[in-house]
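Participant: Task: produce atomic coordinates for the following.
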Amino acid sequence: MERPGAQRWHEQTFLGVFRGQPEKEQALLRICLGTVVLIGYIAVAALQRTAAAYDTLGVVFAYVVFGVATYVAATAATVRPRLRLTVTTIADQALVMTALALGGRVALPLLWVVFWFLVGAGCRHGKRPLLLSCAVALAGVVILMHVEPWWRENLAVGLGIMLSIAATSVYLMALVHRLERQAATDPLTGLSNRTRLEQAIAKATAARDDDKGQSVLLFIDLDGFKYVNDAYGHAVGDELLQCFANGLQTRIRRGDTVARLGGDEFAVLARHVHDDAGARAIADGIHDILHGLREIGGHPVAVSASIGVRMLGTNSADERLDVHALMRQADSAMYRAKANGTDKTSFFDETGAGV
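Facilitator: This next block holds a predicted model:
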């Protein structure tokens with residue numbers, strides 16, 4: 001069984017220096033690339049000796065300081081990650097727009113940074129930061145076209161840059177959406193994977209839908225699958241998993257989540273289930289799917305399921321449990337069902353006894 005905690009694709013680091021800590025790596029890139037640009041504008045200011053060059057140099061220096069501050073903030077983690085990400089996404093584009101406003105033509109080489117920020121926000125953190133970065137960039141260009149002399153004289157250039165920002169953001173949005181779907185999907189069955197299941201459980205436990213019933217988490221392990229795999233080969237075993245997955249998909253309701261956890265282990269998160277009887281009816285439906293699978297690829301099969309059930313939101317103590325703890329409890333109930341024989345369902349209770 002795979003271990004929980006798999007990361008989404010856009011949480012992976014690029015340099016690999018801070019594995020699993022993309023904020024730190026992003027802060028390091030701010031410091032390193034900002035320093036390179038700073039050295040360049042030190043040379044420009046030394047050669048031109050103009051107010052615009054000095055102003056641009058000052059903003060670039062401020063950006064390097066900002067990079068150091070974000071590194072310290074990410075290390076100390078004294079601010080909520082979502083708030084920290086929002087502030088840094090806005091500040092990235094706002095600072096480059098400030099440099100363009102103060103530096104005029106001298107700062108024009110910094111336009112590439114606008115697109116670098118778009119790519120970084122989308123590919124590192126996902127669609128919402130990308131939209132925010134795009135909105136700040138577009139607003140900044142509009143302001144430049146109204147207040148900065150060079151931009152007022154070159155409105156067509158400003159319009160072209162706005163269209164470029166918008167087009168780049170749309171393309172990145174489609175790319176990010178596709179990658180997010182791929183990262184949250186099991187390639188063999190097309191079901192959700194563990195990452196998406198964890199997100200769905202977190203959302204379900206945070207919801208307050210007492211009037212519509214609670215949620216139920218079912219862990220499923222296929223009894224007899226190993227024999228099918230060993231006797232007929234992996235191709236038949238894969239086809240069996242796909243047939244079972246298709247059966248699960250036909251039975252889920254809108255808002256429910258079906259996932260493959262790995263191997264022959266699956267999970268169902270069903271919303272708005274009123275009581276144990278409703279949960280047992282879902283488990284019985286899963287058993288029925290396997291009762292109907294008698295032949296795969298021309299080979300006779302006899303596969304059943306051991307199902308562990310964890311009702312979510314049954315008491316106030318559940319609110320203190322994290323997603324992984326709830327999944328472990330459902331997993332424990334599933335192994336208890338397997339210990340009781342094949343084709344069994346077991347409910348988790350606080351005493352640890354099967355129900």
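
Participant: lowest-confidence helix or strand of this protein?
Facilitator: Scoring the helices and strands of the chain by mean pLDDT, DSSP states H and E places helix 194-206 at the bottom, with a mean of 87.

Participant: With only the CA atoms kept, save it in PDB.
Facilitator: Extracted in PDB, the C-alpha atoms of helix 194-206 (Å, rounded to 0.1, in the frame of the first residue of the first chain):
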ATOM      1  CA  ARG A 194      -4.700   9.200  -3.300                       C
ATOM      2  CA  THR A 195      -4.000  12.900  -3.600                       C
ATOM      3  CA  ARG A 196      -7.400  13.800  -4.900                       C
ATOM      4  CA  LEU A 197      -9.100  11.600  -2.300                       C
ATOM      5  CA  GLU A 198      -7.200  13.400   0.500                       C
ATOM      6  CA  GLN A 199      -8.400  16.700  -0.800                       C
ATOM      7  CA  ALA A 200     -12.000  15.400  -1.000                       C
ATOM      8  CA  ILE A 201     -11.800  14.100   2.600                       C
ATOM      9  CA  ALA A 202     -10.400  17.400   3.800                       C
ATOM     10  CA  LYS A 203     -13.300  19.300   2.100                       C
ATOM     11  CA  ALA A 204     -15.900  16.900   3.400                       C
ATOM     12  CA  THR A 205     -14.700  17.100   7.000                       C
ATOM     13  CA  ALA A 206     -14.600  20.900   6.800                       C
END
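
Participant: Does anything pack onto that helix? Which helices or strands?
Facilitator: Helix 194-206 sits against strand 214-223, strand 257-262, strand 265-273, strand 304-312, helix 323-339, with contacts defined as 3 or more C-beta pairs under 8 Å, 6 or more residues apart in numbering; DSSP states H and E. (Glycine included, C-beta is placed from N, CA and C.)

Participant: Throw the ones you listed into CSV and include mean neighbour count, mean pLDDT and distance to Q249, thanks.
Facilitator: Formatted as CSV, these follow (neighbours: other C-beta atoms under 10 Å; pLDDT from 0 to 100; distance: least, C-beta to C-beta, whole Å):
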stretch, mean neighbour count, mean pLDDT, distance to Q249
strand 214-223, 25, 93, 14
strand 257-262, 22, 93, 6
strand 265-273, 23, 92, 10
strand 304-312, 24, 93, 16
helix 323-339, 19, 92, 20
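
Participant: so can I have JSON lines of the ones you listed showing distance to G103?
Facilitator: Shown next, in JSON lines, are the helices and strands packed on helix 194-206 (distance: least, C-beta to C-beta, whole Å):
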{"stretch": "strand 214-223", "distance to G103": "55"}
{"stretch": "strand 257-262", "distance to G103": "51"}
{"stretch": "strand 265-273", "distance to G103": "53"}
{"stretch": "strand 304-312", "distance to G103": "55"}
{"stretch": "helix 323-339", "distance to G103": "48"}
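
Participant: Figure out which of these is closest to Q242.
Facilitator: strand 257-262 (10.0 Å; C-beta to C-beta).

Participant: packing partners for the closest one?
Facilitator: Judged by 3+ C-beta pairs under 8 Å, 6+ apart, strand 257-262 is in contact with helix 194-206, helix 234-251, strand 265-273.

Participant: Which stretch among those is buried most, on average?
Facilitator: Of all these, strand 265-273 carries the top mean neighbour count, a mean of 23, counting by mean count of other C-beta atoms under 10 Å.

Participant: Direction included, what does that one pair against?
Facilitator: strand 214-223 (antiparallel), strand 257-262 (antiparallel) (DSSP bridges).

Participant: about what we covered before: just tell me which of the helices and strands packed on helix 194-206 ends up closest to F347.
Facilitator: Closest approach to F347 among the helices and strands packed on helix 194-206 (C-beta to C-beta): strand 304-312, 4.7 Å.

Participant: the domain parsing of the protein - what is it?
Facilitator: With domains defined by automatic domain parsing, the chain comprises 9-183, 194-347.

Participant: where does the longest one sit relative to the chain's centre, distance-wise?
Facilitator: Here domain 9-183 is found 22 Å from its chain centre; the criterion is C-alpha atoms, centre = their mean, to the nearest Å.

Participant: cool, and the shortest one?
Facilitator: In terms of C-alpha atoms, centre = their mean, the centre of domain 194-347 is found 22 Å from the chain centre.

Participant: how long is it end to end?
Facilitator: Distance between the two ends of domain 194-347: 21 Å, counting by C-alpha to C-alpha, to the nearest Å.
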